[in-house]
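Trainee: Mind folding the following:
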Amino acid sequence: MNEENKEIYTETVSPYGKDEAGVQKGDVVKVVPEPDRRKSGGITGSTLKIIAIVTMFIDHIGASVFEHYINILAVSGSDYCRDLITSKVPGLWSEWMGNIVVVQSIDLLLRAIGRIAFPIFCFLLVEGFLHTRNVKKYLVRLFIFAFISDVPFDLAFFAKIGLNHQNVFFTLFLGVSALACIDYVRHKDKDSFNGFYTFLGKIGVVIAGVLGALAFSTCMFSFIGYLISQKVPVNEYVPSLAIGFIGGIAAYIPVTHKWDEERKIKLSASLFATLFFFTLAEVMHTDYGGWGVLAIVAIYAFRNARNNGFIWGVTALTVMNLFEGVAFLDLIPVRFYNGKRGRQMKYFFYAFYPVHLFLLFLVRYFVLGF
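Mentor: Here you go, the predicted model:
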């Protein structure tokens with residue numbers, strides 16, 4: 001690529017089929033090239049995935065075994081727990097297992113280590129999306145394993161099968177769906193925008209406000225709405241939604257006031273896709289909810305910034321829950337990522353997720369009885 005075409009070039013490849021605006025495979029579209037992150041040394045994507053898998057497993061030991069045990073210990077006492085455990089596994093009992101403060105501290109440590117896992121998976125998900133040859137197959141694979149993992153997920157964490165909470169594969173699926181929509185709009189030429197896209201461009205400020213309202217009302221700062229409701233006779237969600245709506249508008253206007261119509265349309269359509277899948281994740285009660293989707297979108301949107309936007313994804317999760325701030329430690333291994341895939345582990349995580357959840361359920365069931 002020569003110097004004058006460094007920023008934008010054209011190519012006749014499109015991963016999408018024909019749409020209502022007439023863009024189809026083979027059309028010439030504007031493409032902003034992705035930076036080549038490959039470098040010598042460092043760690044590969046497979047190494048990052050192993051770090052995420054190990055820390056996820058540690059986290060799930062706490063969530064599926066220790067936290068169930070803490071409930072039994074708090075209700076029935078140490079003598080009951082000692083008799084229960086020794087009847088199943090003689091010799092396993094130790095004095096610290098009867099001290100609820102110690103058990104809670106160990107569980108807190110396990111859960112803190114587990115905060116490292118999800119942001120790395122989000123980062124690798126974005127890397128996979130940028131390099132996959134077939135986004136549809138990528139989505140189908142995530143969707144299939146989301147259903148396969150649902151029963152083990154429910155058994156491991158809730159000891160019963162239900163629809164109250166969905167596993168993380170659903171979050172990843174919705175995140176990639178959002179990226180596919182954003183990337184689709186990003187590759188469209190301004191002449192192909194029809195009335196629908198033009199409409200989204202005109203109401204972009206409203207979309208930003210609604211997204212801000214939903215985000216603020218579902219994050220750790222939503223307690224501000226509760227505090228206001230103690231002084232003003234309104235539902236606690238009303239001030240939270242209002243603050244978030246104003247915040248979304250306040251962020252949108254100064255950023256876009258000098259933008260041309262094409263950039264506004266692309267941003268508005270991207271915000272609309274983010275809003276849609278954020279809301280869907282919240283309604284479905286997926287693991288990490290809409291903030292998981294928002295973290296994925298943030299990593300993708302700021303991938304060309306310093307640290308490839310990873311810090312923005314972790315920031316989004318930390319705004320959701322301050323405990324997620326432990327994941328800023330991920331900046332160390334991600335900083336050394338060399339852009340290479342490493343050892344082939346395509347289906348290892350897909351299989352590991354439901355299998356390890358079911359095994360943890362079996363261990364808990366055998367030792368604790370449920």
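
Trainee: Can you tell me the closest non-neighbouring residue to the residue nearest the centre of the chain?
Mentor: For the chain, G292 is the residue whose C-alpha lies nearest the centre (Cα atoms, centre = their mean; 2.8 Å). Nearest non-adjacent residue to G292, counting by Cβ to Cβ, 6 or more residues apart in numbering: T171, 4.1 Å away. Every C-beta, even on glycine, is put in place using the N, C-alpha and C of the backbone.

Trainee: shaky segments in this protein?
Mentor: Low-confidence regions of the chain, defined here as pLDDT under 70, cover residues 1-41, 305-308.

Trainee: which stretches of it form strands?
Mentor: Using DSSP state E, the strands of the chain run over residues 9-11, 29-31.

Trainee: give me the number of residues near L108?
Mentor: A count of nearby residues for L108, using other Cβ atoms under 10 Å, gives 13.

Trainee: could you measure the residue nearest to G292 against V101, distance?
Mentor: Computed as Cβ to Cβ, to the nearest Å, the T171 to V101 distance reads 33 Å.

Trainee: So which of these two has more stuff around it?
Mentor: Set side by side, T171 and V101 show more neighbours around T171, with 29 against 8, by other Cβ under 10 Å.

Trainee: That one: what's it in contact with?
Mentor: Taking Cβ atoms under 8 Å, 6 or more residues apart in numbering, we find T171 in contact with 281, 286-289, 292-293.

Trainee: Please narrow those to those residing in helices.
Mentor: Counting by DSSP state H, the part of the contacts of T171 found in helices is 281, 289, 292-293.

Trainee: and those as JSON lines, adding distance to T198?
Mentor: Written out in JSON lines, the entries for these read as follows (distance: Cβ to Cβ, whole Å):
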{"residue": "A281", "distance to T198": "28"}
{"residue": "G289", "distance to T198": "31"}
{"residue": "G292", "distance to T198": "31"}
{"residue": "V293", "distance to T198": "26"}
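
Trainee: what's the closest of the residues you listed to F193?
Mentor: Within the set of the ones in helices among the contacts of T171, V293 lies nearest F193; the separation is 24.7 Å, counting by Cβ to Cβ.

Trainee: Distance of that closest one relative to F277?
Mentor: V293 sits 5 Å away from F277, going by Cβ to Cβ.

Trainee: who touches both of the two?
Mentor: Counting by Cβ under 8 Å, 6+ apart, the residues touching both V293 and F277 are 174-175, 178.

Trainee: Name the member of those residues with the most neighbours.
Mentor: Across the shared contacts of V293 and F277, the neighbour count under other Cβ under 10 Å reaches its highest value at G175, namely 30 neighbours.

Trainee: OK, contacts around the closest residue to that residue other than its chain neighbours?
Mentor: Excluding its sequence neighbours, the residue lying closest to G175 (Cβ to Cβ, 6+ apart) is I296, at 3.4 Å. By Cβ under 8 Å, 6+ apart, I296 lies in contact with 122, 125-126, 172, 175-176, 178-179, 313.
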